[in-house]
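Colleague: Sequence and computational prediction follow.
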Amino acid sequence: MLLGLLTHGPKSGYELKQVVDRSTRYFWAASYGQIYPELKRLEAAGLVKGEDAPTGGRPRRIFRITDAGREALTVWLRGTETRMEFRDESLLRLLFADSLPREEALGLLQGRAEGFRRALAELRAIDARPGDDPPFVDLALRYGIDWCEWVVEWCELQERRLRRRAA
(Lines give C-alpha, C1' and ligand atoms only; values in the text may rest on other atoms or scores of the structure.)
Protein backbone atom coordinates (compact mmCIF):
# COMPACT_ATOMS: atom_id res chain seq x y z
CA MET A 1 0.00 0.00 0.00
CA LEU A 2 2.74 2.47 0.93
CA LEU A 3 4.51 2.01 -2.40
CA GLY A 4 1.26 2.78 -4.20
CA LEU A 5 0.66 5.88 -2.11
CA LEU A 6 4.20 7.10 -2.75
CA THR A 7 3.64 6.98 -6.52
CA HIS A 8 1.58 10.15 -5.97
CA GLY A 9 4.59 11.98 -4.58
CA PRO A 10 7.00 12.06 -1.64
CA LYS A 11 5.44 11.91 1.81
CA SER A 12 6.36 11.59 5.46
CA GLY A 13 4.98 8.77 7.58
CA TYR A 14 2.57 11.27 9.12
CA GLU A 15 1.34 12.37 5.67
CA LEU A 16 0.94 8.74 4.58
CA LYS A 17 -1.23 8.08 7.66
CA GLN A 18 -3.38 11.11 6.77
CA VAL A 19 -3.88 9.77 3.22
CA VAL A 20 -4.76 6.32 4.58
CA ASP A 21 -7.31 7.86 6.93
CA ARG A 22 -8.97 9.69 4.03
CA SER A 23 -8.92 6.80 1.57
CA THR A 24 -7.98 3.19 2.17
CA ARG A 25 -9.02 2.97 5.83
CA TYR A 26 -12.44 1.84 4.69
CA PHE A 27 -10.91 -1.39 3.40
CA TRP A 28 -7.22 -1.39 4.35
CA ALA A 29 -6.43 0.50 7.53
CA ALA A 30 -2.93 1.18 8.81
CA SER A 31 -1.69 2.60 12.09
CA TYR A 32 1.46 4.59 12.76
CA GLY A 33 2.74 1.42 14.43
CA GLN A 34 2.46 -0.34 11.07
CA ILE A 35 3.46 2.51 8.75
CA TYR A 36 6.80 3.49 10.31
CA PRO A 37 8.22 -0.06 10.61
CA GLU A 38 7.08 -0.78 7.05
CA LEU A 39 8.80 2.36 5.76
CA LYS A 40 12.02 1.22 7.48
CA ARG A 41 11.66 -2.23 5.91
CA LEU A 42 10.99 -0.75 2.45
CA GLU A 43 13.97 1.58 2.82
CA ALA A 44 16.27 -1.28 3.88
CA ALA A 45 15.08 -3.22 0.81
CA GLY A 46 15.86 -0.23 -1.45
CA LEU A 47 12.22 0.22 -2.46
CA VAL A 48 11.92 3.70 -0.96
CA LYS A 49 14.49 6.36 -0.15
CA GLY A 50 14.11 8.45 2.98
CA GLU A 51 15.53 11.91 3.45
CA ASP A 52 15.65 13.87 6.69
CA ALA A 53 13.55 17.04 6.42
CA PRO A 54 12.96 18.37 9.94
CA THR A 55 10.25 20.97 10.46
CA GLY A 56 10.95 23.36 13.31
CA GLY A 57 12.41 21.27 16.10
CA ARG A 58 10.62 18.10 15.04
CA PRO A 59 12.40 15.28 13.26
CA ARG A 60 10.77 14.35 9.98
CA ARG A 61 11.69 12.02 7.17
CA ILE A 62 10.28 12.27 3.65
CA PHE A 63 10.07 9.09 1.60
CA ARG A 64 10.17 8.70 -2.18
CA ILE A 65 9.58 5.54 -4.15
CA THR A 66 12.67 4.28 -5.98
CA ASP A 67 12.85 2.65 -9.40
CA ALA A 68 13.14 -0.71 -7.64
CA GLY A 69 10.04 0.22 -5.61
CA ARG A 70 8.11 1.04 -8.79
CA GLU A 71 9.17 -2.30 -10.25
CA ALA A 72 8.09 -4.16 -7.08
CA LEU A 73 4.75 -2.34 -7.15
CA THR A 74 4.22 -3.27 -10.80
CA VAL A 75 4.99 -6.93 -10.07
CA TRP A 76 2.49 -6.89 -7.19
CA LEU A 77 -0.16 -5.10 -9.28
CA ARG A 78 0.17 -7.75 -12.00
CA GLY A 79 -0.31 -10.54 -9.48
CA THR A 80 -3.41 -12.69 -9.70
CA GLU A 81 -3.73 -13.87 -6.10
CA THR A 82 -6.90 -12.75 -4.38
CA ARG A 83 -6.61 -12.97 -0.63
CA MET A 84 -9.33 -11.39 1.43
CA GLU A 85 -8.73 -10.41 5.02
CA PHE A 86 -11.90 -9.13 6.51
CA ARG A 87 -12.26 -7.89 10.08
CA ASP A 88 -15.68 -6.66 11.09
CA GLU A 89 -16.26 -6.28 14.81
CA SER A 90 -19.97 -5.52 14.51
CA LEU A 91 -20.48 -8.70 12.48
CA LEU A 92 -18.58 -10.64 15.15
CA ARG A 93 -20.95 -9.21 17.76
CA LEU A 94 -23.92 -10.36 15.67
CA LEU A 95 -22.48 -13.87 15.60
CA PHE A 96 -22.72 -14.00 19.39
CA ALA A 97 -25.85 -11.84 19.81
CA ASP A 98 -28.03 -14.81 20.78
CA SER A 99 -26.48 -14.40 24.24
CA LEU A 100 -28.35 -11.11 24.65
CA PRO A 101 -32.04 -10.42 25.19
CA ARG A 102 -33.81 -10.27 21.81
CA GLU A 103 -34.36 -6.48 21.64
CA GLU A 104 -30.79 -5.79 22.68
CA ALA A 105 -29.54 -8.21 20.02
CA LEU A 106 -31.71 -6.47 17.41
CA GLY A 107 -30.17 -3.20 18.63
CA LEU A 108 -26.79 -4.53 17.50
CA LEU A 109 -28.22 -4.97 14.01
CA GLN A 110 -29.64 -1.45 14.12
CA GLY A 111 -26.30 -0.13 15.34
CA ARG A 112 -24.53 -1.88 12.47
CA ALA A 113 -26.90 -0.25 9.99
CA GLU A 114 -26.33 3.15 11.58
CA GLY A 115 -22.55 2.75 11.47
CA PHE A 116 -22.71 1.90 7.77
CA ARG A 117 -25.04 4.87 7.16
CA ARG A 118 -22.38 7.15 8.68
CA ALA A 119 -19.65 5.55 6.53
CA LEU A 120 -21.91 5.92 3.49
CA ALA A 121 -22.37 9.63 4.24
CA GLU A 122 -18.58 10.06 4.51
CA LEU A 123 -18.02 8.26 1.20
CA ARG A 124 -20.72 10.30 -0.53
CA ALA A 125 -19.07 13.48 0.78
CA ILE A 126 -15.78 12.31 -0.72
CA ASP A 127 -17.61 11.60 -3.99
CA ALA A 128 -19.19 15.09 -3.99
CA ARG A 129 -15.92 16.98 -3.65
CA PRO A 130 -14.72 18.89 -6.69
CA GLY A 131 -12.26 17.33 -9.08
CA ASP A 132 -12.00 14.01 -10.80
CA ASP A 133 -10.29 10.99 -9.34
CA PRO A 134 -8.34 8.68 -11.61
CA PRO A 135 -10.68 5.94 -12.91
CA PHE A 136 -9.49 3.16 -10.62
CA VAL A 137 -9.42 5.37 -7.52
CA ASP A 138 -13.03 6.19 -8.38
CA LEU A 139 -13.69 2.46 -8.80
CA ALA A 140 -12.61 1.80 -5.20
CA LEU A 141 -14.86 4.65 -4.02
CA ARG A 142 -17.82 3.21 -5.96
CA TYR A 143 -17.18 -0.18 -4.34
CA GLY A 144 -17.27 1.41 -0.90
CA ILE A 145 -20.49 3.29 -1.62
CA ASP A 146 -22.19 0.19 -3.07
CA TRP A 147 -20.96 -1.98 -0.18
CA CYS A 148 -22.28 0.43 2.46
CA GLU A 149 -25.64 0.73 0.68
CA TRP A 150 -25.91 -3.06 0.54
CA VAL A 151 -25.04 -3.52 4.23
CA VAL A 152 -27.65 -0.96 5.30
CA GLU A 153 -30.31 -2.69 3.16
CA TRP A 154 -29.22 -6.11 4.45
CA CYS A 155 -29.45 -4.99 8.10
CA GLU A 156 -32.93 -3.57 7.58
CA LEU A 157 -34.08 -6.72 5.76
CA GLN A 158 -32.65 -9.01 8.44
CA GLU A 159 -34.18 -7.00 11.26
CA ARG A 160 -37.62 -7.31 9.61
CA ARG A 161 -37.04 -11.04 9.04
CA LEU A 162 -36.02 -11.66 12.66
CA ARG A 163 -38.96 -9.65 13.99
CA ARG A 164 -41.41 -11.63 11.81
CA ARG A 165 -39.80 -14.88 12.95
CA ALA A 166 -40.22 -13.92 16.61
CA ALA A 167 -43.89 -12.96 16.17
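Modeller: Now that the structure is in, tell me what you want to look at. Residues are numbered from 1 along each chain as shown.

Colleague: going forward, measure contacts between C-alpha atoms and count neighbours the same way
Modeller: Fine.

Colleague: what domains does the record give for this structure?
Modeller: For the chain, the structural domains run 2-77, 89-166, going by automatic domain parsing.

Colleague: Check whether residue 120 really touches residue 150, as I assumed.
Modeller: No: using Cα atoms under 8 Å, residue 120 is not in contact with residue 150, being 10.3 Å away.

Colleague: Could I get the full set of strands for this structure?
Modeller: 11-12, 48-52, 61-65 (DSSP state E).

Colleague: looking at this protein, which helix or strand is least sure?
Modeller: helix 13-22 (a mean of 91; mean pLDDT, DSSP states H and E).

Colleague: hmm, back to that, would you turn the strands of the chain into TSV with distance to residue 167?
Modeller: Formatted as TSV, the strands of the chain follow (distance: least, Cα to Cα, whole Å):
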stretch	distance to residue 167
strand 11-12	57
strand 48-52	61
strand 61-65	60
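
Colleague: May I see those organised as a markdown table, with mean pLDDT, distance to residue 37 and mean neighbour count added?
Modeller: Compiled in a markdown table, those are given as follows (pLDDT from 0 to 100; distance: least, Cα to Cα, whole Å; neighbours: other Cα atoms under 10 Å):
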| stretch | mean pLDDT | distance to residue 37 | mean neighbour count |
| --- | --- | --- | --- |
| strand 11-12 | 96 | 13 | 20 |
| strand 48-52 | 96 | 13 | 18 |
| strand 61-65 | 97 | 13 | 21 |
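
Colleague: closest one to residue 108 among those strands?
Modeller: Residue 108 lies closest to strand 11-12 among the strands of the chain, at 38.8 Å (Cα to Cα).

Colleague: ok, back up a step: include distance to residue 83 when you put the domains of the chain into a markdown table, please.
Modeller: As requested, the domains of the chain are arranged in a markdown table below (distance: least, Cα to Cα, whole Å):
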| stretch | distance to residue 83 |
| --- | --- |
| domain 2-77 | 13 |
| domain 89-166 | 17 |
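
Colleague: Show me the residue at the heart of the chain, geometrically.
Modeller: Centrality entry for the chain: nearest residue to the mean C-alpha point is residue 25, 2.2 Å, by Cα atoms, centre = their mean.

Colleague: Check the gap between it and residue 155 for me.
Modeller: In this view, residue 25 and residue 155 are 22 Å apart by Cα to Cα, to the nearest Å.

Colleague: Residue 33 versus the closest residue to residue 69 other than its chain neighbours, what's the distance?
Modeller: In space, not counting the residues next to it along the chain, residue 69 is nearest to residue 47; the distance is 3.8 Å by Cα to Cα, 6 or more residues apart in numbering. When distance is defined by Cα to Cα, residue 47 is 19 Å away from residue 33.
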